[in-house]
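A.B. asks: pasting the structure only:
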Ligand SMILES: NC(=O)C1=CN([C@@H]2O[C@H](COP(=O)(O)OP(=O)(O)OC[C@H]3O[C@@H](n4cnc5c(N)ncnc54)[C@H](OP(=O)(O)O)[C@@H]3O)[C@@H](O)[C@H]2O)[C@@H](O)CC1
Ligand SMILES: Nc1ncnc2c1ncn2[C@@H]1O[C@H](COP(=O)(O)OP(=O)(O)O)[C@@H](O)[C@H]1O
Ligand SMILES: [K+]
């Protein structure tokens with residue numbers, strides 16, 4: 001799904017109104033109904049609801065929401081900011097609501113009343129139309145709402161947060177839930193914004209998505225629909241050669257578990273065969289834990305010192321548990337220089353690269369690098385001030401290096417050499433557990449070996465990893481799940497997505 005800017009969503013709004021011969025007021029009603037559909041499923045009738053509405057269409061949504069909630073038996077107290085003129089749809093909904101209940105006007109800060117405890121708050125002050133710093137009466141209301149302990153539900157976006165770029169001002173609603181219309185906004189994906197957005201949820205308001213076909217966006221959201229289109233059938237007359245042969249260069253004394261996790265994940269993702277090149281001391285460990293794997297044994301017992309023959313493999317992954325011994329670094333350099341096809345590069349291999357930046361030019365184009373934020377900082381040779389800067393540095397690096405950067409974390413960003421970013425839709429905080437990244441490397445390398453393009457292998461891999469993590473969390477809980485559970489639950493992804 002494309003992630004559109006506020007202006008592009010407005011364009012899609014107009015397209016929908018024209019295509020369906022409906023008014024903007026009717027579309028607002030749909031948005032309000034979608035919000036209320038979510039809200040009534042997740043809250044009870046017991047608490048009073050204070051709805052704070054601004055002068056624009058976000059406020060119009062809030063007023064329409066208030067009408068719908070009153071009709072459903074909720075006790076609602078609405079407020080409207082009247083520091084200037086209202087949009088026509090906002091005014092229309094205000095007249096409707098005023099026939100049902102008293103609506104308190106807020107013109108200046110003096111009109112603000114004390115907000116009691118033990119109520120629910122709906123924030124419909126400012127939405128995607130935010131176009132300048134929040135000050136004055138809006139800022140005062142936001143501060144007052146944020147100072148209470150009440151649960152806050154933001155309509156479309158938390159008021160004060162721009163949809164498409166970070167805000168510099170302080171007056172931003174800190175919501176518990178953001179119910180966003182039709183598609184996620186770019187700002188929801190930045191870790192710095194979690195305090196404002198809380199948990200966010202997309203509700204469908206029936207915009208006609210074909211109207212977005214010609215709209216260009218550098219950002220997209222990898223959801224289940226995208227993956228269904230991407231995943232390929234396993235042919236009936238297939239044999240293990242059909243599904244690729246993977247070489248994994250991994251492990252060092254004390255970190256053989258990483259090699260094991262990645263190798264097992266390669267097999268659980270459907271690759272035909274995996275050969276793991278490991279130091280001598282790891283043989284019994286890997287052989288015992290994964291009898292399905294073939295071993296290539298390094299002459300050194302503790303670290304990888306020799307590049308095995310790389311001919312005949314459909315994909316090569318390097319880095320998990322390797323360590324950064326100078327002999328191992330030499331192996332990485334040799335691999336980079338002698339490879340033509342894209343590689344999957346993770347963990348220790350990324351740190352070695354960070355210490356040898358001049359090797360970056362040897363990386364085969366379209367290779368997949370999978371740094372977590374700290375590894376990206378090392379690669380970039382700088383500390384990032386915030387997640388916006390981090391994302392933009394990843395975009396700059398992917399373009400410059402002509403590689404795919406999988407920037408790991410919640411909503412992992414898969415950044416293409418073109419600069420296009422695909423945010424992932426699966427996964428949970430249970431994935432923040434030792435070895436989880438090793439599993440991801442295995443999955444991506446496996447998809448690459450099966451003939452998926454590097455771009456698809458990266459997006460599919462990240463999605464499947466998160467999906468398996470979600471399935472694991474349902475049974476084992478977020479805190480209780482460990483990295484090997486992700487591998488064990490990978491079949492759940494294929495059960496749901498395999499043709
Ligand atoms: N397709 C969809 O998703 C649908 C979206 N819908 C809803 O519409 C919302 C967008 O509505 P919107 O465009 O009217 O803007 P909104 O956010 O209400 O702001 C209102 C006005 O406030 C002003 N203003 C700006 N910054 C300010 C500031 N810092 N401090 C003070 N004032 C400030 C500025 O007006 P100005 O003062 O510049 O004249 C601005 O125009 C969207 O979030 C969703 O809730 C649904 O109804 C239907 C389908
Ligand atoms: N809060 C989170 N929500 C979703 N996914 C997460 C979260 N934290 C981490 N992950 C995922 O877990 C994996 C962790 O990888 P990494 O940091 O390399 O772990 P390790 O080095 O222990 O293997 C990545 O795929 C990352 O996207
Ligand atoms: K809002």
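C.D. replies: Great, that's in hand. Everything numeric in this text was worked out from a predicted model, so none of it was measured. Numbering: from 1, shown residues only. Ligands and ions are numbered 1, 2, ... in the order given.
A.B. asks: Just want to check the distance between the closest residue to residue 477 other than its chain neighbours and residue 261.
C.D. replies: With CB to CB, 6 or more residues apart in numbering as the criterion, residue 477 has its nearest non-adjacent residue at 7.2 Å, and that residue is residue 430. Every residue, glycine included, has its C-beta placed from N, CA and C. Using CB to CB, to the nearest Å, residue 430 is found at 15 Å from residue 261.
A.B. asks: More neighbours: which of the two?
C.D. replies: Set residue 430 next to residue 261 and count neighbours by other CB atoms under 10 Å: residue 261 wins out with 29 against 21.
A.B. asks: pLDDT wise, what is the more buried one at?
C.D. replies: pLDDT recorded at residue 261 is 98.
A.B. asks: Next secondary structure element downstream of the helix or strand encompassing it?
C.D. replies: Following DSSP states H and E, one finds residue 261 within helix 256-268. Counting by DSSP H and E, the next helix or strand C-terminal to helix 256-268 is strand 273-279.
A.B. asks: Now tell me what touches that next one from outside.
C.D. replies: 240, 244-253, 256, 259, 263, 266-267, 286, 290, 292-298, 300-305, 308, 313, 446 (CB atoms under 8 Å, 6 or more residues apart in numbering).
A.B. asks: And stretch 253-266, by the same measure?
C.D. replies: Residues from elsewhere that reach stretch 253-266 (CB under 8 Å, 6+ apart): 246, 248, 250-251, 274, 276, 278-279, 281-282, 285-286, 289-290, 293, 301-303, 317, 320-323, 347, 435, 438-443, 445-446, 449, 483-484, 486-487, 490.
A.B. asks: do the same with stretch 213-223
C.D. replies: Residues contacting stretch 213-223 (CB under 8 Å, 6+ apart): 1-5, 8, 11-12, 183-184, 186, 226, 414, 419-425, 459, 462-463.
A.B. asks: That stretch: end-to-end distance?
C.D. replies: Its start and end residues considered, stretch 213-223 measures 17 Å (CA to CA, to the nearest Å).
A.B. asks: Around the nearest residue to residue 356 once chain neighbours are set aside, count how many other residues there are.
C.D. replies: Spatially, and ignoring its direct neighbours in sequence, residue 356 is nearest to residue 329 (6.8 Å; CB to CB, 6+ apart). For residue 329, the neighbour count with other CB under 10 Å is 20.
A.B. asks: Quick one: distance of the host helix or strand of residue 329 to the chain centre.
C.D. replies: Taking DSSP H and E as the criterion, residue 329 maps to helix 326-338. Centre-to-centre, helix 326-338 and its host chain are 33 Å apart (CA atoms, centre = their mean, to the nearest Å).
A.B. asks: any idea of the mean pLDDT in it?
C.D. replies: Helix 326-338 comes out with an average pLDDT of 98.
A.B. asks: Then stretch 75-84?
C.D. replies: In the prediction, stretch 75-84 has an average pLDDT of 96.
A.B. asks: Outside of it itself, list whatever touches it.
C.D. replies: Contacts for stretch 75-84 (CB under 8 Å, 6+ apart): 45, 47-55, 59, 62-63, 66, 69-70, 86, 94, 97, 101, 103-108, 125, 136-138, 141.
A.B. asks: at 6 Å instead, please
C.D. replies: If you take CB atoms under 6 Å, 6 or more residues apart in numbering as the criterion, stretch 75-84 is touched by 48-55, 66, 69-70, 103-107, 137.
A.B. asks: Type out the ChimeraX command that picks the buried ones from those.
C.D. replies: Remark: buried members of those, expressed as a ChimeraX selection using 16 or more other CB atoms under 10 Å:
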select :49,50,51,52,53,54,55,66,69,70,103,106,137
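A.B. asks: Among the contacts of stretch 75-84, which ones lie close to ligand 1?
C.D. replies: 54-55 (CB under 6 Å from any ligand atom).
A.B. asks: Could you tell me the model confidence score at the residue located most distally from the centre of the chain?
C.D. replies: In terms of distance from the mean C-alpha position of the chain, residue 99 ranks first, at 42.9 Å (CA atoms, centre = their mean). With respect to pLDDT, residue 99 has a value of 98.
A.B. asks: residues in the chain within reach of ligand 2, list them.
C.D. replies: Within the chain, the residues that sit near ligand 2 (CB under 6 Å from any ligand atom) are 372, 408-410, 412, 427-429, 431-432, 434-438, 440, 465.
A.B. asks: How about residues contacting the host helix or strand of residue 461?
C.D. replies: Assessed by DSSP H and E, residue 461 sits inside helix 454-476. Contacts of helix 454-476 from elsewhere in the structure, counted by CB under 6 Å, 6+ apart, are 222, 227, 230, 342, 366, 368, 404, 406, 412, 414, 416, 422, 424, 426-428, 430-431, 440, 443-444, 447-448, 481, 485-486, 489-490, 492-493.
A.B. asks: Please repeat the previous calculation with a cut-off of 7 Å.
C.D. replies: With contacts defined as CB atoms under 7 Å, 6 or more residues apart in numbering, helix 454-476 is touched by 222, 227, 230-231, 269, 342, 366, 368, 404, 406, 412, 414, 416, 422, 424, 426-428, 430-431, 439-440, 443-444, 447-448, 452, 481, 485-486, 489-490, 492-493.
A.B. asks: Name only those of those that count as buried.
C.D. replies: Buried residues within the contacts of helix 454-476, defined by neighbour count using 16+ other CB under 10 Å: 222, 227, 230-231, 269, 342, 366, 368, 404, 406, 412, 414, 416, 422, 424, 426-427, 430-431, 439-440, 443-444, 447-448, 452, 481, 485-486, 489-490, 492-493.
A.B. asks: How about the contacts made by whichever residue of the chain sits closest to ligand 2?
C.D. replies: Here the chain gets closest to ligand 2 at one residue, residue 437, 2.1 Å apart by CB to the nearest ligand atom. By CB under 7 Å, 6+ apart, the contact set of residue 437 is 346-347, 370, 372, 408.
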